[in-house]
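Colleague: sequence unknown, structure follows:
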DNA sequence: AATGAATGAGGATTCATTCAT
DNA sequence: GATGAATGAATCCTCATTCAT
């Protein structure tokens, strides 16, 4: 009988162990990708035995899917928090800042996501369609409205979004390369640079 | 006796088969990553038998390393072609355009590279140190000089470079997501958007 | 997590299975040599599946090294038991007798050792240097002392040792040839012959 | 069409290439055993290509069998040359000396033979029955006769022969061990030791 | 809830041999 | 005679998963 069956609410120890597994799996999947990760590595990193991991999850893929599901929730939060009633430039710059800070705070999540998209999103495509697409459509409309009202410089809303994702997540996804090439104060300089770039780009 | 040993020039058939293998491997590695790729897939995609592939290459890793080596050569070309004697804004905008066009022309190469960096650059780190770092140092100095001369708006040269890489390669590396969310004319819009963004960003 | 790591004492079933594997491997390695032996043969002979064998040992080489390590321990015992305070001729004749009896009792161990030495001792050379050499040095000194004291006929101590090894192990290592050519009572005749030979050789 | 078919006498070049292959194969088989040896190694050592080797021999086994067949011829020569009409002690001591010198001159042949016997003589058993057994029977009878006539000390003839083989071939078959433990002048000391041992053993 | 033991399905690689010229 | 190219059959090993307790 699997823990997932929602008959009883998970006990304290169950919740803790699931969390330990997911944290370990996040580390391993983010570094090695889905195929490159092994249950042994996750078992090692989580401190649980391999069969015990399979007591909490139906298998490797279940862990991965669970991680991606959790990820989508928090991943989209910054975009959801763009306030349609706020000052357009400040709202978008705040979004950029939150995104870049997430890259430095949660690089593993970013890499997990990047890995999944790179492989063609085989396991997360439904989530994207269901959650991401409507949100992006809505946000693009919002930006278009702002632009139409002359409150932002004219810009292709969707490509603006892509560019924000690209530039912010880059610090997590290409971290080894960035760290090899960057100077000190990486994080502060990144935040400042992106604020500057999007300010010049978007100021009406 | 291995084919790699540079004793004799490779025959016609050798060159053709090595090319077939590398092309197939590029496809497979770009999609599945190093660990996720199998020789069976490469054999299937190349039309050669698995042992025959191992007749031309020393093993899976040899194929991968060969691909990465080839990649670095062409990957850095656009940056090498920035002309220190040119008009700064136009030189950089040309660089952006070449980069984004490479993402649309050679998305597999971009994804191969992204995969390698995501996993911590285990096989390409030496190349990065040897080839990429000096080139970036030089280019950053060049940009700093242009900024100092007032020919470009003030900007952090290294983070500018990162942002160009991020925004251009994003179209290849996150292609499935981009195609799910973008409207028609993806390529033309991407080129136009990036030209606009970096023009506003860099105009002195 | 590997069974070899000496964190916990091996369970009953582990000890039994490791013993089964080592016994099967002794048979197979002794007959076919390291390269000629296959895990399939060991699996077949031990009654375990191939992956299960690799659950208990890190690989083919680990099994082989374990066998050789065990072997050295017992293999040198007879020489260690030569009593410096005993009657020289009787001590050496007892050593010869123990060695020839080991060849008849443990022919597989002898052949395993012979195989390893024949191939140049690639895996046992360190053991030889560490364990065998000091013991032989000591024994040769002992014999030299006995000869010097007139208690043994003059003899080259090291070549005496070689000859004892050669003649006794021959019954195990060249068993098929010996059995083809010998008459009945092989073992008794072998013991008697060697006793006679070394008695005539060594009597002062 | 294979070269072995005795339609034409082999050309000069054929003889030379077969000799090169057999010499290389002797080296390789003696060191690695039958299963451990590869055609690639033989090709490398002989300077011929792998397909070319298979032009001269029907396969790996054919090379091995050919080597063993050649070996038997020369291997038994010393025993054949024991002169029934000679002085018994001197005849046998001469046999010992020739055997030990062969071990130093042709260690590869000795090891090839030892390998084959160790593995149970799968390919040479017929030769042993046909060639070796009659010769040993005859020699044992000869020795028995000499003993009966009081011209040699009483001794078990067959075990005497075994001991001569064992002690002399030991210097080739266990060479790495012997060289690790022996002092200088290995060969001279070996000859002297064996002469001494068998003289004491056999003097009537 | 947990784990030691076991395995079937791959997966990279080796190797004797064959093919084609 | 000779060789570059190719391959089927192993062979060692990995790994997600299952079994038994």
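Modeller: The structure has been received and is ready for your questions. Given the structure is predicted, the values throughout are model-derived calculations rather than measurements.
Colleague: going forward, measure contacts and count neighbours with C-alpha atoms only.
Modeller: Fine.
Colleague: mind listing the helices for chain A?
Modeller: For chain A, applying DSSP state H gives helices covering A:12-36, A:39-46, A:50-56, A:60-80, A:88-105, A:107-118, A:125-127, A:133-148, A:157-173, A:175-181, A:186-202.
Colleague: Where does pLDDT dip in chain A?
Modeller: Along chain A, the parts satisfying pLDDT under 70 run over A:1-10.
Colleague: Can you pull the residues of it lying near DNA strand F?
Modeller: By the criterion of C-alpha under 7 Å from any atom of the strand, the positions of chain A lying close to DNA strand F are A:35, A:37-40, A:50-51, A:54, A:58-61.
Colleague: which of these count as buried?
Modeller: Members of the residues of chain A next to DNA strand F that pass the buried threshold by neighbour count (16 or more other C-alpha atoms under 10 Å in any protein chain shown) are listed as A:37-39, A:50, A:54, A:60.
Colleague: Just want the most central residue of chain A.
Modeller: If you average the C-alpha coordinates of chain A and look for the closest C-alpha using C-alpha atoms, centre = their mean, you land on residue A:75, 4.1 Å from that point.
Colleague: related to what we said a few turns ago, between the helices of chain A, which one is closest to DNA strand E.
Modeller: Shortest distance between DNA strand E and the helices of chain A, using C-alpha to the nearest atom of the strand, is found for helix A:50-56: 3.4 Å.
Colleague: Can you spell out which helices and strands pack onto that closest one?
Modeller: Secondary structure elements in contact with helix A:50-56, counted by 3 or more C-alpha pairs under 8 Å, 6 or more residues apart in numbering or on different chains; DSSP states H and E, are helix A:12-36, helix A:39-46.
Colleague: Output those helices in JSON lines; the columns should cover distance to residue B:153.
Modeller: What follows is these, written out as JSON lines (distance: least, C-alpha to C-alpha, whole Å):
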{"stretch": "helix A:12-36", "distance to residue B:153": "37"}
{"stretch": "helix A:39-46", "distance to residue B:153": "48"}
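Colleague: and which of the buried ones among the residues of chain A next to DNA strand F is nearest chain C?
Modeller: Using C-alpha to the nearest C-alpha, residue A:50 is the member of these that sits closest to chain C, with 10.0 Å.
Colleague: Identify the residues contacting the nearest residue to the closest one once chain neighbours are set aside.
Modeller: Spatial nearest neighbour of residue A:50, excluding adjacent residues (C-alpha to C-alpha, 6 or more residues apart in numbering or on different chains): residue A:43 at 5.4 Å. With contact taken as C-alpha atoms under 8 Å, 6 or more residues apart in numbering or on different chains, residue A:43 is in contact with A:21, A:24, A:49-50, A:53.
Colleague: can I see the domain layout of chain A?
Modeller: The record, using automatic domain parsing to delimit domains, assigns chain A the ranges A:12-58, A:67-202.
Colleague: between these, which one is nearest to residue D:130?
Modeller: When the domains of chain A are compared for distance to residue D:130 using C-alpha to C-alpha, the nearest one is domain A:12-58, at 58.4 Å.
Colleague: Kindly check the end-to-end length of the closest one for me.
Modeller: In terms of C-alpha to C-alpha, to the nearest Å, the two terminal residues of domain A:12-58 are separated by 20 Å.
Colleague: before we move on, the earlier item: out of the residues of chain A next to DNA strand F, what pair is the most spread apart?
Modeller: Using C-alpha to C-alpha, the two most remote members of the residues of chain A next to DNA strand F are A:35 and A:51, lying 19.2 Å apart.
Colleague: about what we covered before: overlap between the contacts of residue A:43 and the residues near DNA strand E?
Modeller: Applying C-alpha under 7 Å from any atom of the strand, the subset of these adjacent to DNA strand E comprises A:49-50, A:53.
Colleague: Any chance of CSV for these, columns distance to residue C:181?
Modeller: Formatted as CSV, the entries for these read as follows, by distance: C-alpha to C-alpha, whole Å:
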residue, distance to residue C:181
A:49, 59
A:50, 58
A:53, 63
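Colleague: Distance from stretch A:53-65 to the middle of the chain?
Modeller: Taking C-alpha atoms, centre = their mean, to the nearest Å, one finds the center of stretch A:53-65 at 21 Å from the center of the full chain.
Colleague: same question, stretch A:166-183
Modeller: Using C-alpha atoms, centre = their mean, the distance between the centre of stretch A:166-183 and that of its chain works out at 15 Å.
Colleague: Any residue of it touching chain B?
Modeller: Yes - contact check for stretch A:166-183 against chain B, using C-alpha under 8 Å from any C-alpha of the partner chain: residues in range are A:166-167, A:170, A:173-178, A:180-182.
Colleague: of these, buried ones?
Modeller: Judged by neighbour count, with buriedness set by 16+ other C-alpha under 10 Å, the buried members of those are A:166-167, A:170, A:173-178, A:181-182.
Colleague: sorry, back to before: need the buried ones among the residues of chain A next to DNA strand F in CSV (columns: distance to residue D:137).
Modeller: Output for those, formatted as CSV (distance: C-alpha to C-alpha, whole Å):
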residue, distance to residue D:137
A:37, 67
A:38, 65
A:39, 66
A:50, 65
A:54, 70
A:60, 70
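Colleague: returning to what we had before: among the residues of stretch A:166-183 next to chain B, which pair sits farthest apart?
Modeller: Farthest pair in those (C-alpha to C-alpha) is A:166 and A:180. Separation: 19.0 Å.
Colleague: Turn the buried ones among the residues of stretch A:166-183 next to chain B into a markdown table, including distance to residue D:154.
Modeller: Below are these laid out as a markdown table (distance: C-alpha to C-alpha, whole Å):
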| residue | distance to residue D:154 |
| --- | --- |
| A:166 | 96 |
| A:167 | 97 |
| A:170 | 92 |
| A:173 | 87 |
| A:174 | 87 |
| A:175 | 86 |
| A:176 | 83 |
| A:177 | 85 |
| A:178 | 88 |
| A:181 | 88 |
| A:182 | 91 |
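Colleague: Would you tell me which one of the residues you listed comes nearest to residue D:68?
Modeller: Comparing these against residue D:68 with C-alpha to C-alpha places residue A:176 closest, at 60.1 Å.
Colleague: how much space between residue A:89 and residue B:196?
Modeller: Applying C-alpha to C-alpha, one obtains 17 Å for the distance of residue A:89 from residue B:196.
Colleague: more neighbours, those two?
Modeller: residue A:89 (20 against 16; other C-alpha atoms under 10 Å in any protein chain shown).
Colleague: how close does that one sit to residue A:137?
Modeller: Separation of residue A:89 from residue A:137 (C-alpha to C-alpha): 19 Å.
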